[in-house]
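# Everything below, folded, please.
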Amino acid sequence: MALETALLLKAGFVLLMAAQVLASVSGCNRGVYTFLINDLCLANFTFNMKNLDRGLWCSWKDTMEIYEGLTNCTYQVALRINCFWPNQIVDRFFMEIHQIYFHDCALTGRLLHDPPISILAPFITVPVLVTLLMTAVVVWRSKRTQGML
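Numbers count the residues shown, from 1 in each chain. Here you go, the predicted model:
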């Protein structure tokens with residue numbers, strides 16, 4: 001009886017989740033979503049980028065807030081009209097944004113760099129020392145027990 005109840009609860013949960021997913025998939029109007037992100041998000045992004053000096057477009061420090069606003073806008077619009085985010089429309093949208101605004105930017109300003117040696121050194125030396133210490137303890141312990149047997 002308890003097994004049947006558990007199976008029914010699982011089946012009910014799966015059906016509930018499937019219903020929500022199917023409602024979300026069928027609820028997204030791609031044409032409306034495309035229009036809204038172009039009309040609302042792109043217009044605001046274009047306005048902010050035009051107010052920013054063109055020489056600063058490749059500076060992540062200067063464009064980060066504007067770019068985050070654009071990302072958040074596309075996400076909020078997707079939530080309001082029951083679309084998944086990210087999706088193919090958003091991918092194409094951001095590809096176009098990058099082709100228009102960031103095509104001349106060098107990648108070097110946005111690549112990750114190694115941390116300073118003062119941070120990196122402890123993360124390297126501590127595991128090495130612990131490994132050597134544990135090896136020494138195992139060897140010492142194995143030699144010590146050989147004579148007792």
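# how close does the residue nearest the centre of the chain sit to Phe35?
Among the residues of the chain, the one closest to the centroid is Pro86, at 10.6 Å (C-alpha atoms, centre = their mean). Distance, Pro86 to Phe35, by C-beta to C-beta, to the nearest Å: 18 Å. Heads up, the C-betas are built off the backbone N, CA and C, glycines and all.
# now Arg144
In this view, Arg144 and Phe35 are 78 Å apart by C-beta to C-beta.
# higher neighbour count, these two?
More neighbours surround Phe35 than the other of Arg144 and Phe35, with 12 against 9 (other C-beta atoms under 10 Å).
# That one: which element?
helix 30-36 (DSSP states H and E).
# if you average pLDDT over that helix, what comes out?
Average pLDDT, helix 30-36: 93.
# residues in contact with it?
Val77, Ala78, Ile81, Cys83, Ile89, Phe93 (C-beta atoms under 8 Å, 6 or more residues apart in numbering).
# how about a cut-off of 10 Å?
29, 42, 73-74, 76-78, 80-83, 85, 87-90, 92-93 (C-beta atoms under 10 Å, 6 or more residues apart in numbering).
# Stretch 45-58 too?
With C-beta under 10 Å, 6+ apart as the test, stretch 45-58 has contacts from 37, 59, 62-63, 65-67, 69-71, 73-74, 97, 100-106, 109-110.
# Ends of that stretch, what's the gap?
Terminal residues of stretch 45-58 are spaced 15 Å apart (C-alpha to C-alpha, to the nearest Å).
# Please apply the same query to stretch 53-61.
For stretch 53-61, the end-to-end distance is 13 Å (C-alpha to C-alpha).
# Could you chop the chain up by domain?
The chain breaks down by the TED database into domains covering 27-106, 116-148.
# State the mean pLDDT of the shortest one.
When pLDDT is averaged over domain 116-148, the result is 87.
# Look at Ile89 and say how many residues are nearby.
Neighbour tally, Ile89, other C-beta under 10 Å: 20.
# actually Thr74, sorry about that
25.
# now Arg30
Neighbour tally, Arg30, other C-beta under 10 Å: 12.
# again, but for Ile124
For Ile124, using other C-beta under 10 Å, the count is 10.
# Tell me the spacing between it and Pro115.
11 Å.
# Please compute how far the longest helix belonging to the chain lies from its chain's middle.
Looking across the chain with DSSP state H, the single longest helix is helix 117-148. Taking C-alpha atoms, centre = their mean, to the nearest Å, one finds the center of helix 117-148 at 37 Å from the center of the full chain.
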